[in-house]
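Peer 1: The sequence isn't on hand, but the structure is:
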Ligand SMILES: Nc1ncnc2c1ncn2[C@@H]1O[C@H](COP(=O)(O)OP(=O)(O)OP(=O)(O)O)[C@@H](O)[C@H]1O
């Protein structure tokens, strides 16, 4: 059961937007499309929903997945302004000729689940952003989708409301077991909600994997840079030995690169002081709620780290050992 997208490419005029996209989403899975603005994420959702004709490649809906049971919730979610909350949620059921008693029952159930009690007679402009967002979700979920396509659904909400909506989405998804393809720019949202992340850059999927794999083992410099919060240390790789600034350490080299490369060091990687490892001078320290932010100098290059265990003093030279394997990517 699920959806398989095979070798989908798309042009708008002469401009190629999507290049040979291959993706699968399974029942009950949350797959996130993550990438810079304009890379074609919304276009992929529109292709799946049938709002944009396929130019090449194939969409294969399997088991009880189908385009009819796929619902797209767009970024600005377009509630009907002249309809009440009840009527907005009921709209899709009416179009599908569901009888009035069943509509009343199903809409009422959605109102309860999405905590919209007391608002059934309100119009969209009488609702807060979070309430409008819950109506948009209710309107989609009442149609019992197998696949829900969400385009930046929480972008307009403040961070505490966004957190609540994340929780609600996870609860709804467990209850109704639909697959989700989520589009977001927000790294924390992508990490929090996704079973798998697909990183799109320049119209191509550069990497697909769990949030942890993408964070700890980015395949390319572009992926690491887009994820953000990463240091890049330039040097030379031979086998597993990385030489930089007159130093050498053992690293992971999954793509068996040779010659000039970049070592990727996440700001948040656990680091401890030791007698060996990367030699660095502490330039400055800055307190933050999540830990002390250390600016370090490694030869001619700089590093930012937020998770160093031990007593730190500006001006001191330290040796750092890392709690995770560090990996190199091509320049
Ligand atoms: N109907 C259209 N005709 C021509 N170009 C289009 C059309 N729709 C989108 N585009 C262009 O295609 C590219 C991809 O658009 P799309 O909305 O899919 O990107 P996105 O990754 O979702 O961006 P964002 O994150 O900003 O929403 C953009 O350059 C956009 O300007």
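Peer 2: Looks like it arrived, so ask away. This is a predicted model, so every value here is computed, not measured. Residues are numbered from 1 along each chain as shown.
Peer 1: Between the two ends of stretch 299-307, how far is it?
Peer 2: Chord length of stretch 299-307, first to last residue, is 21 Å (C-alpha to C-alpha, to the nearest Å).
Peer 1: What's the mean pLDDT across it?
Peer 2: Stretch 299-307 shows a mean pLDDT of 96 in the predicted model.
Peer 1: How about stretch 16-28?
Peer 2: Average pLDDT, stretch 16-28: 95.
Peer 1: May I see the buried residues of it?
Peer 2: In terms of neighbour count (16 or more other C-beta atoms under 10 Å), stretch 16-28 has its buried residues at 17, 18, 19, 21, 23, 24, 25, 26, 27, 28. All C-beta spots, glycine's among them, are computed from the backbone N, C-alpha and C.
Peer 1: what residues are up against the residue in the stretch 201-331 of the chain positioned nearest to the ligand?
Peer 2: At 8.4 Å from the ligand, residue 203 is the closest residue in the stretch 201-331 of the chain, using C-beta to the nearest ligand atom. Residues near residue 203 by C-beta atoms under 8 Å, 6 or more residues apart in numbering: 16, 17, 18, 19, 39, 40.
Peer 1: now with 10 Å?
Peer 2: Residue 203 is in contact with 9-11, 15-21, 35, 38-40, 43, counting by C-beta atoms under 10 Å, 6 or more residues apart in numbering.
Peer 1: next one: residue 193
Peer 2: Residue 193 touches 30, 32, 150, 154, 165-167, 169-170, 173, 180, 182, 184, 186, 211, counting by C-beta under 10 Å, 6+ apart.
Peer 1: just the buried members of the residues you listed?
Peer 2: The buried subset of the contacts of residue 193 (16+ other C-beta under 10 Å) comprises 30, 32, 150, 154, 165-166, 169, 173, 180, 182, 184, 186, 211.
Peer 1: Just send those back as CSV, with secondary structure too.
Peer 2: Listed next are those as CSV, based on DSSP: H, G, I helix; E, B strand; the rest coil:
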residue, secondary structure
30, strand
32, strand
150, strand
154, coil
165, helix
166, helix
169, helix
173, helix
180, strand
182, strand
184, strand
186, coil
211, helix
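Peer 1: mind putting these in CSV, distance to residue 126 included?
Peer 2: Below are the buried ones among the contacts of residue 193 laid out as CSV (distance: C-beta to C-beta, whole Å):
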residue, distance to residue 126
30, 31
32, 32
150, 24
154, 21
165, 20
166, 25
169, 24
173, 28
180, 29
182, 28
184, 28
186, 28
211, 38
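Peer 1: Those into TSV, with extra columns for distance to the ligand?
Peer 2: Formatted as TSV, the buried ones among the contacts of residue 193 follow (distance: C-beta to the nearest ligand atom, whole Å):
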residue	distance to the ligand
30	18
32	12
150	12
154	14
165	19
166	19
169	19
173	22
180	16
182	12
184	9
186	11
211	19
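Peer 1: Look up how far the ligand lies from the residue most central in space within the chain.
Peer 2: Computing the C-alpha centroid of the chain and ranking residues by C-alpha atoms, centre = their mean puts residue 190 first, at 2.7 Å. The spacing between residue 190 and the ligand, counted by C-beta to the nearest ligand atom, to the nearest Å, is 13 Å.
Peer 1: for residue 80, same thing?
Peer 2: Computed as C-beta to the nearest ligand atom, the residue 80 to the ligand distance reads 23 Å.
Peer 1: contacting residues for that residue?
Peer 2: When the contact criterion is C-beta under 10 Å, 6+ apart, the partners of residue 80 are 87, 88, 91, 123, 124, 139.
Peer 1: Doesn't the first one lie inside a strand?
Peer 2: To tie it back to what came earlier, the one meant is residue 87. No. Residue 87 sits outside any strand when classified using three-state DSSP, being helix.
Peer 1: so it makes contact with residue 104?
Peer 2: No. Counting by C-beta atoms under 10 Å, residue 87 stays clear of residue 104, with 11.7 Å between them.
Peer 1: Now for the closest residue to residue 56 other than its chain neighbours, how many residues are close by?
Peer 2: Excluding its sequence neighbours, the residue lying closest to residue 56 (C-beta to C-beta, 6 or more residues apart in numbering) is residue 9, at 4.9 Å. Here the number of neighbours of residue 9 (other C-beta atoms under 10 Å) works out to 16.
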